[in-house]
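> The following comprises the amino acid sequence and a computationally predicted model.
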Number of protein chains: 2
Amino acid sequence: MAHFPCAKEIDAKEVLKEKGLKSTPQRLAVLHVLHESTKYLSINNILDKTKEILPNTGLATIYRTLDVLADIGLISRVHFEDGCHTYAYSSDSHGHHIVCTKCNKIMDFAECPFEDYMENLSKRTGFKINNHFLQLFGECNECAGNAN
Amino acid sequence: MAHFPCAKEIDAKEVLKEKGLKSTPQRLAVLHVLHESTKYLSINNILDKTKEILPNTGLATIYRTLDVLADIGLISRVHFEDGCHTYAYSSDSHGHHIVCTKCNKIMDFAECPFEDYMENLSKRTGFKINNHFLQLFGECNECAGNAN
DNA sequence: ATATTTGCAAAGGATTTGCACACAC
DNA sequence: GTGTGTGCAAATCCTTTGCAAATAT
C-alpha cells in the first residue's frame, strides 16, 4: 500500500480498522489532502489534489470516501451559506435553531451565547469574526420523555 | 391580494416594501407556512403546504421565495448533516471551524464555548441536546490586515 | 403603465448507483 | 480466497434559468 506523510495516518488506520473498514490508498490520500490544506476545498479541488497522489481516482470515490471519513469523525462537514438550501422561520436576526432529531420539531432561540466569546476567540485566532452559524440537535421533551 | 393570518405579515410587508420587493401572495404564503410549522420542512413539504393555500404555486417559486425571505432576514437557512456536502479536516471531535470569507482559509478550533451553556439551554428549552454544529465566518488576519 | 414576479418546462449541475474489476485483509 | 472498495458511465435528483403571461405598485 502507498504511504503518505500524514500526521494522522496511523490514527486513521486504526480508526478504520476498528470500524471494520479498509485502509485504502484513496482514503488515506483524501485525508492527507484535507489535512494538508489550510483552505476550504470544493469537491473538485479535493478530487484534483487527490489525483496528484493517485491519478486514477474517480469522483465517485471522493464522495464515498468523504462520507466514510466524516462518519468515523476524521473529518467534518462544513456548511456554507450558499451550499445548503434548507430554511426555517426565524424570530430574530441570529436565527439559531434547535432541531429534534426524532420528530423534526424545530425551535429557534433568540439569545446567542457566543456574543461574549467572540471577542476572546478573535484575539486568539487572529480572525475578525463577522458572522456565525450555530445549530443544536437533540430531542424535544416529548420525544425524550416518551419511550422509543 | 389574498390575506393570511400570519403574525408577522404586516412586518413582512413592510420589510419587503423597504427593500423594494413586492408583497405577493406567494411570499406571504411561504412565510406563513414556515411560521406556522413547528417542524423542519423540506422544500417539497413547503411546496405542498403552500399549495394548500395557493394551489398553482410552482417549485421554482418556492426556491426563489425562500431565497428572498432569507436574504431579507425573515427566515434563516438551516443546515442538516446530510443536506450539505462540504468537508474539512477536523483535529478534534467537535470539529468547529472558522472560515475566512475572503481567502477561504479554514481553521478548526478545539475548545467549545458551548459546553457550559448547553445545560442551561437544555433546561430552558426542554430539549435534551445531543449534538451541535457551530461555524464562524470572518476574515483571517492577513485578509483583514491587508487592503481591500 | 411598468417593472417585478410567477408558472411552466427545459437546462444544468451535483451526487448517487450499478456493475465488473482490483485490492486489502 | 473473500468480501470490501474502486473506477467508469449512466441514472437520478435537486436547483436554476428562460420566457411569456400575470400582477403588485
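Structure's in. What do you need?

> Select the longest strand from chain A.
When chain A is parsed with DSSP state E, its longest strand is strand A:128-139.

> ok, the host helix or strand of A:C143 near chain B or not?
Applying DSSP states H and E as the criterion places A:C143 in helix A:141-145. Yes - Helix A:141-145 is in contact with chain B by C-beta under 8 Å from any C-beta of the partner chain, via A:141, A:144. All C-beta spots, glycine's among them, are computed from the backbone N, C-alpha and C.

> need the strands for chain A, in chain order.
A:75-77, A:87-89, A:96-100, A:106-109, A:128-139.

> weakest of the ones you listed by average pLDDT?
Ranked by mean pLDDT, those end with strand A:87-89 in last place, scoring a mean of 62.

> picking that back up, avg pLDDT for the helix holding A:C143?
81.

> Could you export it as PDB, CA atoms only?
Output of helix A:141-145 as PDB, limited to C-alpha atoms (Å, rounded to 0.1, in the frame of the first residue of the first chain):
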ATOM      1  CA  ASN A 141     -39.100  17.000  25.800                       C
ATOM      2  CA  GLU A 142     -41.900  14.900  24.300                       C
ATOM      3  CA  CYS A 143     -39.600  12.600  22.400                       C
ATOM      4  CA  ALA A 144     -37.100  12.400  25.200                       C
ATOM      5  CA  GLY A 145     -39.800  11.800  27.800                       C
END
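
> ok, residues contacting that helix?
The contact list for helix A:141-145 (C-beta atoms under 8 Å, 6 or more residues apart in numbering or on different chains) reads A:100, A:102-103, A:105, A:138, B:126-128.

> Can you get me the centre-to-centre distance for that helix and its chain?
27 Å (C-alpha atoms, centre = their mean, to the nearest Å).

> For it, buried residues please.
A:143-144 (16 or more other C-beta atoms under 10 Å in any protein chain shown).

> And stretch A:131-140, by the same measure?
The neighbour-count check on stretch A:131-140 (16+ other C-beta under 10 Å) flags A:132-140 as buried.

> so where's chain A shaky on pLDDT?
A:1-10, A:79-95, A:104, A:110-113, A:115, A:146-148 (pLDDT under 70).

> switch the cut-off to 80
Within chain A, the segments meeting pLDDT under 80 span A:1-10, A:38-40, A:76-97, A:99-120, A:130-137, A:145-148.

> For it, what lies in contact range of DNA strand D?
By the rule C-beta under 7 Å from any atom of the strand, the part of chain A lying against DNA strand D is A:21-22, A:24, A:26-27, A:54, A:56-61, A:64-65, A:85.

> Repeat the analysis, applying 10 Å as the threshold.
Counting by C-beta under 10 Å from any atom of the strand, the positions of chain A adjacent to DNA strand D are A:16, A:19-30, A:47, A:50-51, A:54-65, A:67-68, A:82-86.

> ok, of these, which come out buried?
For the residues of chain A next to DNA strand D, a neighbour count by 16+ other C-beta under 10 Å gives the buried set as A:16, A:24-30, A:47, A:50, A:54, A:57, A:61-62, A:65, A:68, A:84-86.
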